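Peer 1: the following block contains a protein sequence and its predicted model.
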Amino acid sequence: MTESSAAVPLRERSEVGGRRRELAAATVGSVVESFDWNIYAVLAPYFAADLFGHGKHGVGGVLGAYVTFAVGFVARPVGSYLIGRLSDSRGRRSALSLGMAVIAVASLGIAAVPGRHAIGVWAAVLAVVARVVQGLAFGGEAPSVAAYVTETAPPRHRFAFSSVSYGGVILGSLLSFGVLTLLIHTVGKSGLENGGWRWGFVVAALLGLAAVWVRRQAPESAEFHRARERAAAGGRPPFLRMLREHRWAALTVFLNTLGGTVGYYFALVYLPQYAAAYHVIDKESAASFMTVVLAVVLVTMLLTGAAADRFGLLPVARIGFGLPIPLVGLLLAGLRGGWLPFQVVAVVLGMLVATVLGTLNVFTGLLFPTEVRAVGLGVVNAATIAAFGGTFPLLAAWLGDRHLLGVIPWYVTVCTIGPALGLLTAMKVPSFAAAVRDTAAVSRRSPAST
């Protein structure tokens with residue numbers, strides 16, 4: 001081995017090691033965001049009566065809890081704009097720290113809300129307010145993470161950093177189920193309903209405060225500093241003008257998010273109910289298997305990121321974005337027909353979703369210039385999630401009530417075409433095309449020639 005070929009791996013290890021604080025700051029927030037979002041959903045049946053009352057036939061409280069869950073989606077686009085502007089003007093670290101602090105305080109607020117028996121309808125009002133505040137913070141979290149990772153990841157490991165940072169979403173989901181399981185074994189179902197549910201939100205608040213500390217130790221993006229100097233000289237365009245100037249970038253974010261969010265909510269959230277509706281498997285057994293699916297999704301995301309760094313984004317994305325189009329309908333036909341077991345379908349669908357999510361942070365981050373990166377991709381991303389991801393369970397339930405479940409595979413398939421089309425529109429963004437070519441050149445470069 002020559003001296004130069006030995007030096008390159010050493011330099012790569014040093015480069016990656018020196019960016020661990022940046023990667024940790026991005027990933028820990030994704031974990032907390034996902035945990036906070038999911039802990040509300042999994043604990044809703046236990047706190048619904050405490051905060052929202054029982055309602056008719058005992059379902060009114062649960063319905064109120066889930067309506068409040070949906071309200072958070074509505075607040076996300078507003079938060080993306082507000083925190084995105086802060087991220088693009090004051091810095092990624094400031095926006096990331098502020099957003100996580102707000103999430104933590106709102107979680108603690110939910111834990112401390114007095115029950116309906118103590119303050120009446122104000123219990124529900126305070127829970128809704130806390131959830132709206134969280135939604136605002138959640139809206140700014142994802143785009144700021146995407147911007148920060150895009151700007152701080154080493155060029156040779158850019159998509160590996162993307163997959164790890166987005167993998168925090170899956171870790172947060174797994175952690176929320178783990179905390180629920182621990183609480184059930186510790187205080188039991190009746191204990192959860194009698195106030196034990198509050199401990200889940202206390203854990204969420206503590207995780208959020210820990211994430212704030214981690215983020216305060218991370219350095220600001222050097223690329224942001226350079227962009228701020230340019231923006232100080234030329235100013236930032238108004239939001240609508242910015243979207244017009246970067247319309248291909250905005251369209252690409254919409255298409256990628258459309259496929260990613262519908263795929264996520266169908267394959268990782270709604271699939272157990274879909275399978276149960278066809279009497280393929282009972283809902284409880286299907287839901288318990290989803291923990292295995294989430295673990296497979298996480299591993300697949302990491303492998304996708306590593307492959308994109310090794311072979312280039314475009315070859316990996318063409319395969320990963322193209323496979324869901326023919327396979328979704330085929331897998332669901334097999335599930336309904338009984339010739340594919342639920343476990344196989346769930347794992348393969350999860351892997352297909354993972355190939356889209358694994359590169360998403362950096363893929364979308366590269367579309368916008370640094371000066372408007374967080375607000376540009378954030379508002380489009382959050383609005384698409386609110387319109388298509390947040391409404392998917394409601395749409396699926398509506399179709400099920402009308403015996404139209406057969407529409408769902410077609411709807412999901414049409415949405416999964418989005419990322420494939422997004423590859424075409426992304427190449428119309430000159431800066432993205434140049435970045436992809438540079439990444440491909442770096443991935444092909446041998447250590448001896450460096």
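Peer 2: Structure's in. What do you need?
Peer 1: could you list the low-confidence segments of this structure?
Peer 2: 1-18, 54-66, 68-69, 230-236, 438-450 (pLDDT under 70).
Peer 1: centre-most residue in it?
Peer 2: Using Cα atoms, centre = their mean, the residue of the chain that lies closest to the mean C-alpha position is Val169, 5.4 Å off.
Peer 1: how about the nearest residue to that residue, chain neighbours excluded?
Peer 2: Ser34 (4.3 Å; Cβ to Cβ, 6 or more residues apart in numbering). The way it works is simple: take the backbone N, C-alpha and C, and place the C-beta from them, glycine included.
Peer 1: so that neighbour, which state does it fall into?
Peer 2: Assigned by DSSP: H, G, I helix; E, B strand; the rest coil, the conformation of Ser34 is helix.
Peer 1: check contacts around it.
Peer 2: Gly168, Val169, Ile170, Leu171, Gly172, Ser173, Ser176 (Cβ atoms under 8 Å, 6 or more residues apart in numbering).
Peer 1: separation between it and Leu294?
Peer 2: Distance of Ser34 to Leu294, given as Cβ to Cβ, to the nearest Å: 10 Å.
Peer 1: what touches both of the two?
Peer 2: Common neighbours of Ser34 and Leu294 (Cβ under 8 Å, 6+ apart) are Ile170, Ser173.
Peer 1: how close does the residue nearest to Val169 sit to Ser165?
Peer 2: 12 Å.
Peer 1: can you tell me how far Phe289 is from Val345?
Peer 2: For Phe289, the distance to Val345 equals 11 Å [Cβ to Cβ].
Peer 1: between these two, which one's more packed in?
Peer 2: Per other Cβ atoms under 10 Å, whichever of Phe289 and Val345 has more neighbours is Val345, with 24 against 18.
Peer 1: in which helix or strand would I find that one?
Peer 2: Element membership for Val345 (DSSP states H and E) is helix 342-357.
Peer 1: for that helix, name the packing helices and strands.
Peer 2: helix 247-265, helix 271-277, helix 283-311, helix 313-322, helix 324-337 (3 or more Cβ pairs under 8 Å, 6 or more residues apart in numbering; DSSP states H and E).
Peer 1: now that helix - C-alpha only, CSV.
Peer 2: Only the C-alpha atoms of helix 342-357 are listed here, as CSV (Å, rounded to 0.1, in the frame of the first residue of the first chain):
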residue,chain,number,x,y,z
PHE,A,342,-48.7,-10.4,5.7
GLN,A,343,-45.2,-10.5,7.2
VAL,A,344,-43.6,-10.7,3.7
VAL,A,345,-45.8,-7.9,2.3
ALA,A,346,-45.1,-5.7,5.3
VAL,A,347,-41.3,-6.1,5.2
VAL,A,348,-41.1,-5.6,1.4
LEU,A,349,-43.3,-2.5,1.5
GLY,A,350,-41.3,-1.1,4.3
MET,A,351,-38.1,-1.6,2.4
LEU,A,352,-39.6,0.1,-0.7
VAL,A,353,-40.5,3.2,1.5
ALA,A,354,-37.0,3.1,3.0
THR,A,355,-35.3,3.5,-0.4
VAL,A,356,-37.1,6.9,-0.8
LEU,A,357,-36.6,8.1,2.7
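Peer 1: now it: buried residues?
Peer 2: 342, 345-357 (16 or more other Cβ atoms under 10 Å).
Peer 1: okay if I get these as a markdown table plus distance to Thr304?
Peer 2: Listed next are the buried residues of helix 342-357 as a markdown table, based on distance: Cβ to Cβ, whole Å:
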| residue | distance to Thr304 |
| --- | --- |
| Phe342 | 24 |
| Val345 | 20 |
| Ala346 | 18 |
| Val347 | 15 |
| Val348 | 15 |
| Leu349 | 15 |
| Gly350 | 12 |
| Met351 | 9 |
| Leu352 | 11 |
| Val353 | 11 |
| Ala354 | 6 |
| Thr355 | 5 |
| Val356 | 9 |
| Leu357 | 8 |
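Peer 1: what's near enough to touch Val31?
Peer 2: Per Cβ under 8 Å, 6+ apart, neighbours of Val31: Gly168, Val169, Leu171, Gly172, Leu175, Leu207, Ala211.
Peer 1: if any of those are buried, give me the ChimeraX selection for them.
Peer 2: Buried residues among the contacts of Val31 (16+ other Cβ under 10 Å), as a ChimeraX selection:
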select :168,169,171,172,175,207,211
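Peer 1: among the contacts of Val31, which are in helices?
Peer 2: Counting by DSSP state H, these place Gly168, Val169, Leu171, Gly172, Leu175, Leu207, Ala211 in helices.
Peer 1: let me know the closest of those to Ala101.
Peer 2: Using Cβ to Cβ, Ala211 is the member of the ones in helices among the contacts of Val31 that sits closest to Ala101, with 9.0 Å.
Peer 1: ok, now how distant is the closest one from Val32?
Peer 2: For Ala211 relative to Val32 (Cβ to Cβ), the value is 5 Å.
Peer 1: do the same with Val299
Peer 2: As judged by Cβ to Cβ, Val299 and Val32 stand 21 Å apart.
Peer 1: could you do Gly191 as well?
Peer 2: 25 Å.
Peer 1: more neighbours: which of the two?
Peer 2: Val32 (30 against 15).
Peer 1: now do the shared contacts for Ala211 and Val32.
Peer 2: Met100, Ala104.
Peer 1: what is the neighbour count of Val28?
Peer 2: 26.
Peer 1: go on, Trp398?
Peer 2: Using other Cβ under 10 Å, Trp398 has 11 other residues around it.
Peer 1: check the one 5 residues further on too.
Peer 2: Other residues near His403 number 8, with proximity taken as other Cβ under 10 Å.
Peer 1: name the SS class of it, please.
Peer 2: coil.
Peer 1: who's in contact with it?
Peer 2: Applying Cβ under 8 Å, 6+ apart, no residues contact His403.
Peer 1: show the backbone phi and psi for it.
Peer 2: Phi and psi for His403, reported as degrees, to the nearest 10, are phi 60, psi 40.
Peer 1: how close does it sit to Thr391?
Peer 2: 20 Å.
Peer 1: what's the answer for Val179, then?
Peer 2: 27 Å.
Peer 1: more crowded one of those two?
Peer 2: Val179 (20 against 16).
Peer 1: hmm, Val203 and that one touching each other?
Peer 2: Yes: with contact defined as Cβ atoms under 8 Å, Val179 and Val203 form a contacting pair (5.7 Å).
Peer 1: give the residues shared as contacts by these two.
Peer 2: Ile39.
Peer 1: just checking, next helix/strand downstream of the strand or helix carrying Ala24?
Peer 2: Using DSSP H and E, Ala24 sits in helix 20-52. Reading on from helix 20-52 to the C-terminus, the next helix or strand found by DSSP H and E is helix 60-90.
Peer 1: for Gly79, the count of nearby residues, please.
Peer 2: With other Cβ under 10 Å as criterion, Gly79 counts 27.
Peer 1: cool, Arg90 as well?
Peer 2: Counted with other Cβ under 10 Å, Arg90 comes out at 14.
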